[in-house]
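K.L.:
Curious how this folds, go ahead:
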Amino acid sequence: MPNQKHDVHLSQPERKKLLAIVSKGRNKAVVIQRAHRLLKADEGKTDSEIKDILYVSEQTIRRTRLRYVQQGLQAALDDQPHSPHAEPALDEKQEAYLIALACSAPPEGYARWTLELLAHRLATDGFVSSISPETVRLVLRKTN
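P.N.:
Next up is the predicted model:
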């Protein structure tokens with residue numbers, strides 16, 4: 001099924017640039033792979049055909065086509081900037097309470113605190129509205 005919505009039509013200078021990228025091999029491998037995808041798409045190959053030729057998923061090919069159509073050649077070749085780090089899930093007071101809780105005696109009927117028990121206890125004590133056991137693990141790992 002051809003991708004009519006995101007057809008790749010390279011200009012002559014763009015095609016020349018991509019051919020230079022794939023033939024010289026002086027770029028990052030990921031840039032060379034993206035250049036190959038764009039060249040194959042410009043040749044009129046379908047996503048399924050490109051997938052079989054270049055051993056990548058059709059979704060990867062679609063994303064490359066879409067970035068080329070929406071943002072241009074350079075954006076399609078370059079890595080997308082990653083989002084900045086999210087705010088910490090717990091503030092200092094909440095972390096201190098979690099650490100103190102983990103160092104205290106476990107609830108009755110349990111031999112030790114589990115990550116799930118700690119997360120549930122933080123929520124029931126009103127320190128957080130919800131927290132995942134993985135976040136609890138990361139906070140405790142940070143403090144040894």
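K.L.:
Tell me which helix or strand the residue nearest the centre of the chain sits in.
P.N.:
Within the chain, the residue whose C-alpha comes closest to the C-alpha centroid is residue 82; the distance, by Cα atoms, centre = their mean, is 8.0 Å. Using DSSP states H and E, residue 82 is not contained in any helix or strand.
K.L.:
show me the contacts for it.
P.N.:
Contact criterion Cβ atoms under 8 Å, 6 or more residues apart in numbering gives no residues in contact with residue 82. All C-beta atoms are positioned from the backbone trio N, CA, C, and that covers glycine.
K.L.:
Flag the shaky bits of this protein, pLDDT-wise.
P.N.:
Counting by pLDDT under 70, the chain contains low-confidence residues at 1-5.
K.L.:
According to the record, where do the domains of it fall?
P.N.:
The record assigns the chain these domain ranges, following automatic domain parsing: 12-77, 92-143.
K.L.:
how about those in JSON lines, adding distance to residue 6 and mean neighbour count?
P.N.:
Formatted as JSON lines, the entries for these read as follows, by distance: least, Cβ to Cβ, whole Å; neighbours: other Cβ atoms under 10 Å:
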{"stretch": "domain 12-77", "distance to residue 6": "4", "mean neighbour count": "16"}
{"stretch": "domain 92-143", "distance to residue 6": "36", "mean neighbour count": "14"}
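K.L.:
ok, back up a step: what's the separation between the residue nearest to the centre of the chain and residue 116?
P.N.:
For residue 82, the distance to residue 116 equals 30 Å [Cβ to Cβ, to the nearest Å].
K.L.:
Tell me how far residue 48 lies from residue 30.
P.N.:
For residue 48 relative to residue 30 (Cβ to Cβ), the value is 22 Å.
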